[in-house]
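**Q** need a structure here:
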Amino acid sequence: MSAEPPVWRHCPLCASALAWRVEQEDGGPTRRLRCSACEFVHWNNPTPVLAAIVQCSDRDDRILLARNAAWTRPFHGLITGFMEAGESPEEGIRREIAEETSLQVESLALVGVHDFQRMNQVLITYHARAHGEIRLSPELVDVKLIAPADLLCWPAGTGQALALWLRSQGIEPRWLE
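**A** As a prediction, this is how the structure comes out:
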């Protein structure tokens, strides 16, 4: 059970203080933030995040890696985004790719579903074949197009999904130092 400080300190319903309580649930004892005044429970469930390994069919099948404008380090990663209410994961990743790069998706294949506990997220990663003129949204500042055999995987989050996809292509992943 995690000992990190709670993100929420007060109940969003009645403004009373939240406190950690361990209670018996279906899966056994579970520690959650609860309000002692109104019994509100902060479930703190992981957030689904969509990711895409975008392979550009009109650019020698190179993989598009993008640099997010909010990132402080000069790192290029997969296209990612949050699923919107009312859309399927497939619809969501098609939307994210179009919004962030203007590319049109030809096909999608699920690569895998991974936990990313450091961010309290569940990553749903797809391989997307896409084409078109790349036009970056304000969310991105740069892209790189890299041959699959030349990709370097990173040790956390979507880097694990990229390594899984590379293995499915018969390419042994290489890792960033």
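
**Q** contacts and neighbour counts: CA atoms only from here.
**A** Noted.

**Q** what separates the nearest residue in space to Pro48 that is not next to it in sequence from His42, distance-wise?
**A** Nearest residue to Pro48, sequence neighbours excluded (C-alpha to C-alpha, 6 or more residues apart in numbering): Val122, at 4.8 Å. Counting by C-alpha to C-alpha, to the nearest Å, the gap from Val122 to His42 is 18 Å.

**Q** do Gln169 as well
**A** Note on Gln169: its distance to His42, by C-alpha to C-alpha, is 42 Å.

**Q** Show me which of the two is the more surrounded one.
**A** Between Gln169 and His42, counted using other C-alpha atoms under 10 Å, the more crowded position is His42 (17 against 11).

**Q** which helix is the longest one in this structure?
**A** Secondary structure of the chain read by DSSP state H shows that its longest helix is helix 89-101.

**Q** Using CSV, write out every CA atom in that helix.
**A** Once non-C-alpha atoms are left out, helix 89-101 reads as follows in CSV (Å, rounded to 0.1, in the frame of the first residue of the first chain):
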residue,chain,number,x,y,z
PRO,A,89,-10.0,3.4,-27.9
GLU,A,90,-9.7,3.0,-31.7
GLU,A,91,-11.8,6.1,-32.4
GLY,A,92,-9.7,8.0,-29.8
ILE,A,93,-6.3,7.1,-31.2
ARG,A,94,-7.4,7.9,-34.8
ARG,A,95,-8.6,11.3,-33.4
GLU,A,96,-5.3,11.9,-31.5
ILE,A,97,-3.2,11.1,-34.6
ALA,A,98,-5.3,13.4,-36.8
GLU,A,99,-5.4,16.2,-34.2
GLU,A,100,-1.6,16.2,-33.5
THR,A,101,-0.2,15.4,-36.9
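
**Q** In this protein, what residue spans correspond to helices?
**A** So, for the chain - with DSSP H - the helices run 89-101, 158-168.

**Q** Quick check: end-to-end length of stretch 73-80?
**A** By C-alpha to C-alpha, one end of stretch 73-80 lies 17 Å from the other end.

**Q** From the chain's centroid, how far away is it?
**A** Offset of stretch 73-80 from its chain centre (C-alpha atoms, centre = their mean, to the nearest Å): 11 Å.

**Q** What distance do you get for the residue lying closest to Val111 once chain neighbours are set aside to Gly77?
**A** Using C-alpha to C-alpha, 6+ apart and skipping residues adjacent in sequence, the residue nearest Val111 is Tyr126, 5.0 Å away. Distance, Tyr126 to Gly77, by C-alpha to C-alpha: 14 Å.
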